[in-house]
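Asker: 3D, please:
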Amino acid sequence: MSVGGSQAHAWIRHRNRALVLNIIRRGVRVSRTDIARDSHLSLPTISQITQALMLEGMIEEIAVGPSRGGRRPVLLAIRPDYGWVVGMKVFAETIDVAVTNYLGELIASREVQTSTNEIQHVVATMAEIVKAFSLSETRFPGNCLGVGVAVPGTVSQSNGLIRNCPLGWREVNFRELLHSALGLPVMVDNDVNILAQGHLLFGHAQGRQNVIVVTLGRGFGLGIIIHGEVYRGTDGAAAEVGHIPWRPTPIRCECGRNDCIENFVTDRAALLHYRELTGVTEPLTIEGLRALCGQGESAAVKVFEAIGAEVAKAIAILVRTFAPEVIILSGEGLGAGPALTETIAQKWRQYCPEESYASVQWILDSWDNFHWARSAVSLVFDELTFPEVFRSLRPGTAHAKEGGIR
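Answerer: Have a look, this model is predicted:
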C-alpha cells in the first residue's frame with residue numbers, strides 16, 4: 001500500500017538505519033567509508049545515523065584504522081554490553097533457551113523440561129526462566145532487551161498471533177501473554193522463519209539477497225529469503241512446504257492427510273520405513289537410527305538415502321521456483337550424515353541441470369540442540385534495528401533518493 005510522504009520518509013530513515021547497523025554487525029570493525037561503499041548511502045547520511053546509534057549506546061568508536069592515503073579512519077563496532085537477549089525454542093516436552101549479548105555471542109544456554117503443553121504453563125515457565133536469569137546471572141551486560149520465541153506452525157509475526165501450532169495451540173496471542181508476564185519486548189515467529197532470520201544477521205545468508213533454508217528432522221521446514229528479507233506471506237502462512245501434496249501413502253500425516261511430503265522425509269517417516277525394511281518391532285529412537293546409519297548398517301543407510309532422494313526433488317522444485325543464490329540445509333536431521341546429505345546434494349542437480357542453476361551455492365549448516373534458540377534472538381535484534389511500527393509503513397511507490405533504498 002502506498003503511504004504518505006511523512007510515513008514514507010520514516011520508513012526510509014529507519015530502513016537506512018537498519019542497513020547501517022547490520023553492516024557494522026557483519027563487519028565487526030568498519031569505518032564510515034566502508035559503510036558508504038557497502039550501503040551506497042552518502043557520508044553525511046552515514047555520519048548522522050552513526051552519531052544517533054552512538055548516542056543510543058548501540059555502537060562505539062573503538063580504534064583508528066590504517067591510512068589509505070589520507071586521514072586514518074575511525075572504526076565502529078557493536079557494543080556487546082548494550083544489553084542481553086533471550087531466545088527460546090518450544091518443543092513438545094522441552095524449552096531450549098539461549099542468552100546472547102548484543103553482538104549475538106552466546107553467554108548462557110539451558111534446556112528446561114515442561115510437564116504439559118498447556119499454554120498458560122508454557123508462558124509461566126518461560127517467564128520464570130527469564131526472571132531467573134535476571135536475578136542470578138551477574139555476567140550479563142546491561143539490561144534484558146527482549147525475548148524471541150520460536151514455535152512450529154503458522155505464526156503472524158507482526159502481532160505474535162499463533163494461528164496453528166502442532167502443540168495444539170490455535171489463535172493464541174502468545175506475544176501478548178508473555179509480554180504481560182514479563183513486561184519486556186517479546187517477538188514470536190515460526191521456527192524455520194527464525195532460522196532464516198538468524199542466518200541473515202549472523203550466518204550464511206549475511207549479505208545475500210535470495211536464499212532458501214531447508215530443515216530436516218521432526219518436520220520438513222522451509223525459510224525463504226527474498227531481496228534480503230524473510231518472506232512470510234499473508235499472516236505468516238508462507239513456506240508450509242511439509243504439507244504440499246506429494247503422493248498417497250498408507251501413512252497419515254499429523255495434519256490428517258495421507259499425501260504430504262512429510263510422510264516421506266521426517267524422523268517419523270524414517271523410523272516407519274526402517275521397521276518396514278527390517279521387521280524390527282522393539283523400540284528404536286531416531287538418534288539410534290541415525291547412529292546405525294553412521295555405522296554403515298545397510299537398512300539404515302537405505303532409509304536415509306531414500307529420504308535424501310525425496311528431499312532432492314523438493315529442493316529442485318524450490319530452486320526452479322525461487323532461483324536462490326544459496327541453499328542452506330539445516331536441522332537435527334543432518335545427524336544422519338552423508339547417506340542423507342550427499343544424496344541430496346548430488347540428486348537435486350539432476351533435476352536442475354541447466355547452466356542457470358550452476359552457480360547456486362550449497363551449504364550444510366552446523367547444528368546443535370540450541371541452534372533454534374540462538375536464532376530466536378535475531379527477532380529481537382531485528383525489532384531493535386527496524387521496529388515493526390516503521391517496517392509496516394513500507395511504501396508502495398516511494399523510493400529513496402540515495403542508494404540504500406532502491
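Asker: could you use CA atoms for every contact and neighbour count after this?
Answerer: Noted.
Asker: and the next helix or strand past the host helix or strand of residue 55?
Answerer: Per DSSP states H and E: residue 55 is located in helix 43-56. Next helix or strand after helix 43-56 toward the C-terminus (DSSP H and E): strand 59-64.
Asker: quick one: buried residues of that next one?
Answerer: 59-61 (16 or more other Cα atoms under 10 Å).
Asker: what's the angle from the helix or strand following that strand to helix 43-56?
Answerer: Following strand 59-64 in sequence order, the next helix or strand is strand 74-78 (DSSP H and E). Here the directions of strand 74-78 and helix 43-56 differ by 50 degrees (axes from the mean of the first three to the mean of the last three Cα atoms, to 10 degrees).
Asker: tell me how far the helix or strand that comes right after strand 74-78 is from the chain's mean position?
Answerer: Proceeding N to C from strand 74-78, the next assigned helix or strand is strand 83-90, under DSSP H and E. Between the centre of strand 83-90 and the centre of its chain there are 13 Å (Cα atoms, centre = their mean, to the nearest Å).
Asker: show me the contact partners of strand 83-90.
Answerer: Contacts to strand 83-90, defined as Cα atoms under 8 Å, 6 or more residues apart in numbering, come from residues 95-102, 130, 140-152, 191, 372-377, 380.
Asker: average pLDDT across that strand?
Answerer: Looking at strand 83-90 alone, the average pLDDT works out to 95.
Asker: list just the nearest of the buried residues of strand 59-64 to residue 390.
Answerer: Checking the buried residues of strand 59-64 against residue 390 by Cα to Cα gives residue 59 as the nearest, at 21.2 Å.
Asker: any low-confidence regions in the stretch 1-150 of the chain?
Answerer: Low-confidence segments of the stretch 1-150 of the chain (pLDDT under 70): 1-5, 65-71, 137-138.
Asker: try the stretch 251-400 of the chain
Answerer: For the stretch 251-400 of the chain, the ranges with pLDDT under 70 are 394-400.
Asker: where along it do the strands fall?
Answerer: Along the stretch 251-400 of the chain, counting by DSSP state E, counting those that start in this stretch, strands occupy 326-330, 361-364.
Asker: ranking those strands by burial, who's on top?
Answerer: Looking across these with neighbours counted as mean count of other Cα atoms under 10 Å, the highest average goes to strand 326-330: a mean of 22.
Asker: other SSEs contacting that one?
Answerer: Counting contacts by 3 or more Cα pairs under 8 Å, 6 or more residues apart in numbering; DSSP states H and E, strand 326-330 is packed against strand 211-216, strand 361-364.
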